[in-house]
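J.: Structure, please.
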Amino acid sequence: MLKWIEIDLDAVRANIRWTLSRLGTGVRLMAVVKADGYGHGAAQVAKAAADCGAHRLGVLTVEEGRALRQAGLKLPVHLLSPMLPEAAAEAVRWRLAPTSDTLAVARAFDAAAGAARKGAGFPVHLDLDFGLGRWGIPPGSLRGFVSALSSMRKVRLAGLSAHIDYVAGKNAVEAEEKLAAFGRIGRALKRRFPGLVCHAANSSVLMDFPHWQFDMARIGNLMYGINPSVWKKAPLKDPWRFHARVIALRRVAKGSSIGYASEYVAPRRMLVATVPVGYSDGLTMVPEKRDISLGAGYQYWAMLRGRKAPFIGHTAISHTLLDVSATPGARVGDEALLPVRRTAASSHLPRVYV
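T.: Numbering: from 1, shown residues only. All right, here's what the predicted structure looks like:
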């Protein structure tokens, strides 16, 4: 193969087990496998999470949830974002627990669940908006929403969630206040609905506010070896490697121009390598900061034979040039490790599981 992504599922399992060890007694884990498991493969990661003891799986859409069911996953599957009312019947068919912030969606489930669920009622989770602004019920409107939901016969209130607009190192005081407010609302609602599951802790909250785990933690980044905290260390393993082979090498004289529009002028005599990956593969879609240099614009690099190989000029649709002048013994066929934002990596790139 000329280019592929290598995924170490043992590393994913190790990260899940470490995360589980951080959870308090009775706190459950939702393994978030949205966006094809952050590019790692939703079904493969979901099966690893199930093996490790995850309680449920989190996705965004009915299509993602259906794919997990078709792959044989039996764990409860939670839709993390609101959906259109017309998708309710399919969600009921595939046993996908919805997040709702409108009565129209709740009514659609009440209608669709009639023949599918009897007695207990189809579980619905309500999401509160604490400032992120994507969706959610304003906290002040929750009482009326719950009253309307309680009048429906085929659905039941099963959970209360929120996604706090927290970014590590930026708004910790504000986040603490919002988590405390969510906790107060959840405790009050549990007096009426004793089995209610409250969840607002994602990877960032779990790391920096471990006292706000609530009933369930929704974990994505930590599973995939990404620590969002700027204060706390975590012994995570990186399961992701993006490989591409060098397909050409050439010597470039000082002062020579290369690349489209002759935009790059060699500052010295250079050895330049070509790898068959570009922006159609998701390359240079602002990867994690540890893989780039911040300064006068972004500087990307690959790793070749243990040495940094900076990108030259702009990445093309399917090829990128690397400066391998400082890489002794570089040759055609060598494997380069490349930076890419995982969810931007093309789904057409082969995933190889180890």
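J.: Centre-most residue in this structure?
T.: With distances taken as CA atoms, centre = their mean, residue 38 lies nearest the centre of the chain, 4.4 Å away.
J.: my read: it touches residue 222, true?
T.: No. With contact defined as CB atoms under 8 Å, residue 38 does not reach residue 222; the gap is 11.1 Å. All C-beta atoms are positioned from the backbone trio N, CA, C, and that covers glycine.
J.: about what we covered before: so how far is residue 132 from the residue nearest to the centre of the chain?
T.: 19 Å (CB to CB, to the nearest Å).
J.: Likewise for residue 148?
T.: 24 Å.
J.: Same check on residue 144?
T.: Distance from residue 144 to residue 132, by CB to CB: 21 Å.
J.: ok, those two, which is more surrounded?
T.: Taking other CB atoms under 10 Å, residue 144 and residue 132 do not tie; residue 132 has more neighbours (14 against 11).
J.: hang on, isn't that one packed against residue 167?
T.: No. Counting by CB under 8 Å, residue 167 is not a contact partner of residue 132; they are 10.9 Å apart.
J.: secondary structure element for residue 237?
T.: Residue 237 is part of no helix or strand, with elements assigned from DSSP states H and E.
J.: Please read off the pLDDT at it from the model.
T.: According to the prediction, residue 237 has pLDDT 97.
J.: Number of residues surrounding the residue nearest to residue 49 when sequence neighbours are not counted?
T.: Closest residue to residue 49 apart from its sequence neighbours, by CB to CB, 6 or more residues apart in numbering: residue 31 at 3.5 Å. When counting by other CB under 10 Å, one arrives at 27 neighbours for residue 31.
J.: wouldn't residue 31 be in contact with residue 221 here?
T.: No. Counting by CB under 8 Å, residue 31 stays clear of residue 221, with 11.7 Å between them.
J.: quick one, strands of the stretch 101-250 of the chain?
T.: Taking DSSP state E, counting those that start in this stretch, the strands of the stretch 101-250 of the chain run over residues 122-128, 155-162, 197-199, 216-219, 240-245, 248-252.
J.: so what strands line up beside the second one?
T.: Within its sheet, strand 155-162 is paired with strand 122-128 (parallel), strand 197-199 (parallel), according to DSSP bridges.
J.: so which of the ones you listed comes closest to residue 339?
T.: Set against residue 339 and scored by CB to CB, the strands paired with strand 155-162 come closest in strand 197-199, at 32.1 Å.
J.: Ok, which of the strands of the stretch 101-250 of the chain comes nearest residue 281?
T.: strand 240-245 (8.5 Å).
J.: model confidence over that closest one, on average?
T.: For strand 240-245, mean pLDDT is 97.
J.: Parallel or antiparallel, which strands does it pair with?
T.: Sheet pairing for strand 240-245, assigned by DSSP bridges, gives strand 3-7 (antiparallel), strand 335-337 (antiparallel).
J.: Include distance to residue 201 and mean neighbour count when you put those strands into CSV, please.
T.: As requested, the strands paired with strand 240-245 are exported to CSV (distance: least, CB to CB, whole Å; neighbours: other CB atoms under 10 Å):
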stretch, distance to residue 201, mean neighbour count
strand 3-7, 26, 20
strand 335-337, 33, 19
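J.: would you turn these into a markdown table with distance to residue 98 and mean pLDDT?
T.: As requested, the strands paired with strand 240-245 are arranged in a markdown table below (distance: least, CB to CB, whole Å; pLDDT from 0 to 100):
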| stretch | distance to residue 98 | mean pLDDT |
| --- | --- | --- |
| strand 3-7 | 30 | 98 |
| strand 335-337 | 40 | 98 |
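J.: Using a markdown table, lay out those together with distance to residue 136.
T.: Formatted as a markdown table, the strands paired with strand 240-245 follow (distance: least, CB to CB, whole Å):
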| stretch | distance to residue 136 |
| --- | --- |
| strand 3-7 | 33 |
| strand 335-337 | 39 |
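J.: burial count for residue 320?
T.: Neighbour tally, residue 320, other CB under 10 Å: 26.
J.: residue contacts, the residue nearest to the centre of the chain?
T.: By CB atoms under 8 Å, 6 or more residues apart in numbering, the contact set of residue 38 is 220-221, 224, 342-343.
J.: can you redo those as JSON lines with neighbour count and pLDDT?
T.: As requested, those are exported to JSON lines (neighbours: other CB atoms under 10 Å; pLDDT from 0 to 100):
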{"residue": "220", "neighbour count": "21", "pLDDT": "97"}
{"residue": "221", "neighbour count": "19", "pLDDT": "97"}
{"residue": "224", "neighbour count": "26", "pLDDT": "98"}
{"residue": "342", "neighbour count": "23", "pLDDT": "91"}
{"residue": "343", "neighbour count": "15", "pLDDT": "91"}
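J.: what are the ranges of the strands in the stretch 251-354 of the chain?
T.: 257-258, 264-265, 270-275, 292-295, 297-304, 307-312, 320-323, 335-337, 351-353.
J.: now for these, which one comes closest to residue 107?
T.: strand 351-353 (40.1 Å).
J.: what comes up buried for the closest one?
T.: Within strand 351-353, the residues that qualify as buried are residue 351, counting by 16 or more other CB atoms under 10 Å.
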